[in-house]
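J.: show me the folded form of this:
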Amino acid sequence: MIVGAMSDTHLRTPDHVLEYILDELLAPAELILHAGDIVTQRVLEYLEERGVIAVCGNMDDYEIYDAVPQIRTVPAGGKRIGLIHGWGAREGLEKRILDRFRSDMPDLIVYGHSHRPYWGRVEQVLMFNPGAPNTRVGHPAGTVGLIEIIGDDIQAKFVPVNR
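T.: Take a look at the predicted model:
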């Protein structure tokens, strides 16, 4: 199974870049996850119309907080993927996120907030931050991600957002 991952889109309205990400970059995905900082209800509705599963982030409007949870676990390819945005300083972010899942640890955690792509293990738990698709939000190149689940194996890669 292939899962698309994105976070920190920071949009007030859907745009051509979001359409490109969904239609082109994440086209191989059977499931797409958004790890928060969607910003507006209009963008959330656009994502939900496309089947995207989301959580809210710290920059989201109150309507987003009412519409989607802050944390969720999604079944995919026989695995459990934890989905969360994150909060606070970049330092210690992964540990804070792990602490939120301690009572029911998933096979993989997809998160955002830092705008920094990350793929690896933290305290033996697989964690994936797809980065942010827009260069204007604090990083030189925008990215989203693709996760491949084959049996017990989980692999992930970053996909550059070249517009």
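J.: which SS class is residue 37?
T.: coil (DSSP: H, G, I helix; E, B strand; the rest coil).
J.: how many residues are close by it?
T.: Neighbour count of residue 37, defined by other Cβ atoms under 10 Å: 25. (Each C-beta comes from the backbone N, C-alpha and C, glycine too.)
J.: need the contact list for it.
T.: 7, 8, 9, 10, 57, 58, 59, 60, 85, 112, 113 (Cβ atoms under 8 Å, 6 or more residues apart in numbering).
J.: measure stretch 39-56 end to end?
T.: In stretch 39-56, first residue to last residue: 9 Å (Cα to Cα, to the nearest Å).
J.: again but with stretch 64-77, I slipped
T.: 27 Å.
J.: would you mark the buried spots in it?
T.: 64, 67, 68, 70, 71, 73, 74, 76, 77 (16 or more other Cβ atoms under 10 Å).
J.: which of these sits closest to residue 94?
T.: residue 71 (14.6 Å; Cβ to Cβ).
J.: how about that closest one: what's its closest non-neighbour residue?
T.: Spatial nearest neighbour of residue 71, excluding adjacent residues (Cβ to Cβ, 6 or more residues apart in numbering): residue 84 at 4.7 Å.
J.: doesn't residue 68 make contact with that neighbour?
T.: No - using Cβ atoms under 8 Å, residue 84 makes no contact with residue 68, being 11.5 Å away.
J.: identify the contacts common to the two.
T.: Counting by Cβ under 8 Å, 6+ apart, the residues touching both residue 84 and residue 68 are residue 55.
J.: and the average pLDDT for stretch 122-138 is what?
T.: Regarding stretch 122-138, the rounded mean pLDDT is 86.
J.: before we move on, what about stretch 27-36?
T.: The model assigns stretch 27-36 a mean pLDDT of 98.
J.: and that stretch, end to end?
T.: Per Cα to Cα, stretch 27-36 runs 20 Å from first to last residue.
J.: residues touching residue 133, list them.
T.: 6, 8, 9, 17, 18, 21, 142, 143, 144, 161.
J.: for the buried residues of stretch 64-77, which one is nearest residue 150?
T.: Closest approach to residue 150 among these (Cβ to Cβ): residue 77, at 7.6 Å.
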